[in-house]
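**Student:** give me the fold of what follows.
(one chain, ligands or ions: 1)
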Amino acid sequence: MALFESNKNRGEVRVHENLDELSTDLADYIAELSEASVKERGFFAIALSGGSVITLMRNLCGAPYSKTVDWSKWYIFWVDERVVSKSHVDSNYKLAKDHLLCKLPIVPSHVHSINDSLTAEEAANEYEFVIRQLVRTRVVNVSDVSDCPKFDLILLEMGPDGHVASLIPDHPVLEEKNEWVTFITTSPNPPPERITFTLPVINSAANVVVVATGGRKAEAVQLAIDDVGPDGPVLPARMVEPIVGKLVWFFDNQAASKLKGFSQFSK
Ligand SMILES: O=C1O[C@H](COP(=O)(O)O)[C@@H](O)[C@H](O)[C@H]1O
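**Tutor:** Sure thing, here's the model as predicted:
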């Protein structure tokens with residue numbers, strides 16, 4: 001892994017030779033954040049995305065982490081979910097359960113998935129209510145700088161169009177300032193109905209990780225990080241700017257290949 005010096009306002013950029021290296025670094029990083037958070041406040045509230053970030057977290061299931069990670073203190077949430085049943089192949093819950101959660105000793109009552117028996121609007125409202133209860137008990141921390149929860153870690157995967165969570169380019173959902181959790185019915189990528197954390201919640205987290213791999217995401221990576229000038233496109237991933245939290249990008253070489261200065265860096 002190498003740290004890539006890029007646009008300083010856009011967080012730390014970690015570039016990896018291959019997916020194995022990225023997985024190792026990602027697992028180490030998450031384990032460190034978990035240790036620090038459990039030590040500091042007794043809980044680790046982590047919000048997962050869909051996409052390949054889940055399989056890239058696979059190393060967390062390995063033996064070394066059973067010594068350093070206190071799984072009993074983990075509380076799992078989803079930054080976004082598709083409006084399908086939990087057994088559907090498109091369900092972000094199913095993806096995480098099948099590839100990760102079934103292999104980790106997480107307390108079942110600490111897994112807060114989004115209700116799949118409601119409409120998108122009802123499920124968004126209910127999920128926000130659930131998070132509000134957990135903020136009251138401090139399982140989820142509260143932000144000092146906004147009226148939002150402060151997740152210990154929000155894990156995002158950026159799509160090739162620059163979306164993160166179900167915050168899609170040029171959609172009014174990007175303007176949502178009041179809700180913590182909202183819904184959309186017009187996702188261009190199927191399924192069209194989604195529930196999603198809003199930008200104020202993402203930007204109130206203590207730590208945000210954005211993962212992108214593969215050449216098909218290289219252009220979006222460049223637009224999310226490099227200086228694009230005042231008239232440049234503002235991708236949803238570019239709107240991820242934690243107010244006080246730390247932002248770290250995890251890329252492989254292909255995804256990072258269009259970043260300014262990358263050709264000299266990779267020599
Ligand atoms: O639809 C979604 O996609 C992204 C990842 O995009 P992909 O094209 O790389 O699969 C994921 O971040 C998000 O949680 C998910 O609902």
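
**Student:** Thr198 and Val181, how far apart?
**Tutor:** 7 Å (C-beta to C-beta, to the nearest Å). C-beta: built from backbone N, CA, C; applies to glycine.

**Student:** and Gly261, by the same measure?
**Tutor:** Relative to Val181, and taking C-beta to C-beta, Gly261 is found at 38 Å.

**Student:** near the ligand, which residues of this structure?
**Tutor:** 49-51, 80, 92, 156-157, 159-160, 164-166, 189 (C-beta under 6 Å from any ligand atom).

**Student:** got a PyMOL select line for the buried ones in the residues you listed?
**Tutor:** Burial among the residues of the chain next to the ligand is assessed by 16 or more other C-beta atoms under 10 Å; the matching PyMOL selection reads:
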select buried, resi 49+50+51+80+92+156+157+159+160+164+165+166
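
**Student:** among the residues of the chain next to the ligand, which has the minimum pLDDT value?
**Tutor:** Least confident entry in the residues of the chain next to the ligand, by pLDDT: Asn189, with 92.

**Student:** so which helix or strand takes in that residue?
**Tutor:** Following DSSP states H and E, there is no helix or strand that holds Asn189.

**Student:** leaving out chain neighbours, which residue sits closest to it?
**Tutor:** Leaving out its chain neighbours, the residue that sits closest to Asn189 by C-beta to C-beta, 6 or more residues apart in numbering is Gly159, at 7.2 Å.

**Student:** surely that neighbour is in a strand?
**Tutor:** No - when DSSP: H, G, I helix; E, B strand; the rest coil is applied, Gly159 is found to be coil, with no strand at that position.

**Student:** I'd assumed Pro188 was in contact with it.
**Tutor:** No - assessed by C-beta atoms under 8 Å, Gly159 is found out of contact with Pro188, at 10.1 Å.

**Student:** how about low-confidence regions in this structure?
**Tutor:** For the chain, the stretches flagged by pLDDT under 70 are 267.

**Student:** top helix in it by residue count?
**Tutor:** helix 19-41 (DSSP state H).

**Student:** please, where are all the helices along the stretch 1-150 of the chain?
**Tutor:** 19-41, 53-56, 64-68, 92-99, 120-136 (DSSP state H, counting those that start in this stretch).

**Student:** need those helices in CSV with distance to Ala212, can you?
**Tutor:** Formatted as CSV, those follow (distance: least, C-beta to C-beta, whole Å):
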stretch, distance to Ala212
helix 19-41, 10
helix 53-56, 9
helix 64-68, 24
helix 92-99, 17
helix 120-136, 26
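
**Student:** those: which one's closest to Val173?
**Tutor:** Val173 sits nearest to helix 120-136 of all the helices of the stretch 1-150 of the chain, at 10.8 Å, using C-beta to C-beta.

**Student:** check which residues of the closest one are buried.
**Tutor:** 120, 123-125, 127-128, 130-131, 134-135.

**Student:** list the beta-bridge partners for Val15.
**Tutor:** Ala2, Phe251 (DSSP bridges).

**Student:** how about the contacts made by it?
**Tutor:** 1-4, 251-253, 256, 262, 265 (C-beta atoms under 8 Å, 6 or more residues apart in numbering).

**Student:** of all those residues, which comes closest to Glu12?
**Tutor:** Leu3 (6.6 Å).

**Student:** surely that closest one touches Arg14?
**Tutor:** Yes - look at Leu3 against Arg14 with C-beta under 8 Å: they come within range, at 6.2 Å.

**Student:** which non-adjacent residue is nearest Phe151?
**Tutor:** Ala205 (4.5 Å).

**Student:** same thing with Val145?
**Tutor:** Ile243 (5.0 Å).

**Student:** pretty sure that neighbour contacts Ser204?
**Tutor:** Yes - contact status for Ile243 versus Ser204: in contact at 6.2 Å, counting by C-beta under 8 Å.

**Student:** alright, that wraps it up for me.
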